Every structure is written in C-alpha cells, then in structure tokens.
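Peer 1: Got a sequence here, can you model it:
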Amino acid sequence: MGCPARDSVVIVRREITFRARHSHHGMLFEPPHEHDFRVILSMVGEPNEEGFICDFRAVKRIFQRVVKQELENSDLDQRFSYPTSENLAQWIWEQLDPFFPLYCVEVKEKAHSGAQYFGKTVPAASFSSEALH
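Peer 2: Below you'll find the predicted structure:
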C-alpha cells in the first residue's frame, strides 16, 4: 500500500496525559480534586514524501517540555482563574501552536467529559445550537 496522495489532507492524533488538581469556584462549586487529564492533539496537513504529518515522538517530547512540565502535579487554581477543560485546551493550543500544524486540542477530565478547542480555524457560527444537542 502506498502513501496518501501528496495533495490530500490528513489529520493525525497523539494522546498524552498529565495529572493535576483543580477546583471550581465560579457558577459551579467543587472542592479541590485531582484528575488524570487526557490531552488529544490533532494535527492536520499534507503528508510528506514518507507519508506522515509529524513525528509522534517529537509531539510527545515538546508536549512534555512545554506543557506537562508546567502542569504535572500542579494546582491549576494557581495558574488559571478558571481551570476548566475549555481554558486548558486553549492554553495548551497557545503553547503548542508554534511547533505543530494544530487542528484541535481536546482536554478530557474523565472519559465522558472534556472540551475541544479548534483555535481560530472553526468559526463558532458554524455550530448551530441543534448540532450541539
């Protein structure tokens, strides 16, 4: 089987975890608690001559240096006014955007709960309220 066509667009994903604690003190109140956060980084682009978008090892290495080193075993309340999955996803995007052709950063607090951030690539108007329910 050959490589994807050079003019095709491919999305690749790399999942990485970190452990941290946070609380909620705005509209919702929850005392400090820990999560094993799962971060799913999606990158988009045309495959190179070898058929890949980026080196997954480089993604992990840079994530560890730029994101995980800052957040691992930390109290997210000390870094963010509101340490929600939404705000974490946006912050992670801002840290990694200079390194990778990001399409989406997803942060999951639990298997059933998380947020996806698409940067400026997906206008909010493209999501109808019906599509979100």
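
Peer 1: Are we agreed that I16 is in a strand?
Peer 2: Yes - according to DSSP: H, G, I helix; E, B strand; the rest coil, I16 belongs to a strand.

Peer 1: my guess is it meets V66, correct?
Peer 2: No - with contact defined as Cβ atoms under 8 Å, I16 does not count as touching V66 (11.3 Å). In this view, the C-beta of every residue, glycine as well, is placed from N, C-alpha and C.

Peer 1: between the two, who's got more neighbours?
Peer 2: Applying other Cβ atoms under 10 Å to I16 and V66 shows that I16 carries more neighbours, namely 17 against 14.

Peer 1: quick one: pLDDT of that one?
Peer 2: What the model reports for I16 is a pLDDT of 96.

Peer 1: Show me the helices in this protein, by range?
Peer 2: The residue ranges that make up the helices of the chain, judged by DSSP state H, are 56-63, 69-71, 85-96.

Peer 1: hey, which of these is tucked in deepest?
Peer 2: Each of the helices of the chain was given a mean neighbour count from mean count of other Cβ atoms under 10 Å, and the largest, a mean of 19, is that of helix 85-96.

Peer 1: So what touches that one?
Peer 2: Outside of helix 85-96, the residues that reach it under the criterion Cβ atoms under 8 Å, 6 or more residues apart in numbering are 37, 39, 41, 62-63, 66-67, 76, 80, 102, 105-109, 113-117, 119.
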